[in-house]
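Colleague: just need the structure, nothing else, for what follows:
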Amino acid sequence: MPVEINNFNAIHMNHMKEIHIISHCFLNPAVRLKGLKPLPALDLPDNIIQLPCPEVSYSGLNRWEVTSEQLDIPNYRRFCRKIFQPTADILQMLHQAGYKIKLIGVGGSPSCGVMTTSVGFEGGRLREMDHSHIQGTGIFFDEIIQELKGRDIEFNLYEK
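Modeller: Okay, the predicted model is just below:
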């Protein structure tokens, strides 16, 4: 009997050495921009850290659609760094404890895009505008990546 318990603990501990850090809207679709489709469900293990939503914290629920170009201003970047600090501290401790860090962002997001982000709005009066998605990182994830690299924390990036 004790062997089975030890094997269970070894398997359980091995599973726990990986942690997923996910964009806020994967678990809370209420913060997504009005009119956007829900994100696909993620098949994740129990070890999850939900990032804060920078856009809703910065501009509220009734915000307008923006692109990464519009968010790429010193004050928004400073805000992103500030709200990420507590999570960065936790990730540093987890990394030092041997956890594998996996960051999962939202494809096309101006803040949480990992491989694709949005560009194209020129500002000015409200009117119907098209924007496009390009290869690139959203502003919040860009700040996250810089912070983790600065702390020598190894991580992998994914986009859904």
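Colleague: how much space between the spatially most central residue of the chain and residue 152?
Modeller: Nearest residue to the geometric centre of the chain (Cα atoms, centre = their mean): residue 23, 3.5 Å. Separation of residue 23 from residue 152 (Cβ to Cβ, to the nearest Å): 24 Å. Yep, even glycine has a C-beta here, placed from its N, CA and C like the rest.
Colleague: next one: residue 88
Modeller: For residue 88, the distance to residue 152 (Cβ to Cβ) stands at 12 Å.
Colleague: tell me which of those two has more neighbours.
Modeller: residue 88 (17 against 9; other Cβ atoms under 10 Å).
Colleague: so who does the more buried one touch?
Modeller: Taking Cβ atoms under 8 Å, 6 or more residues apart in numbering, we find residue 88 in contact with 144, 147-148, 151, 153.
Colleague: which of the three states applies to it?
Modeller: In terms of secondary structure, residue 88 is helix; the call rests on DSSP: H, G, I helix; E, B strand; the rest coil.
Colleague: can you check the pLDDT for the closest residue to residue 92 other than its chain neighbours?
Modeller: Of all residues not flanking residue 92 in the chain, residue 151 sits nearest, at 5.3 Å (Cβ to Cβ, 6 or more residues apart in numbering). On pLDDT, residue 151 comes in at 97.
Colleague: same question for residue 35.
Modeller: As predicted, residue 35 sits at a pLDDT of 88.
Colleague: just to be sure, it is in a strand?
Modeller: No - assignment of residue 35 by three-state DSSP gives coil, placing it outside any strand.
Colleague: which parts of the protein are helices?
Modeller: Assigned by DSSP state H, the chain shows helices spanning 2-15, 54-59, 68-71, 74-96, 139-150.
Colleague: closest one to residue 120 among the ones you listed?
Modeller: helix 68-71 (7.7 Å; Cβ to Cβ).
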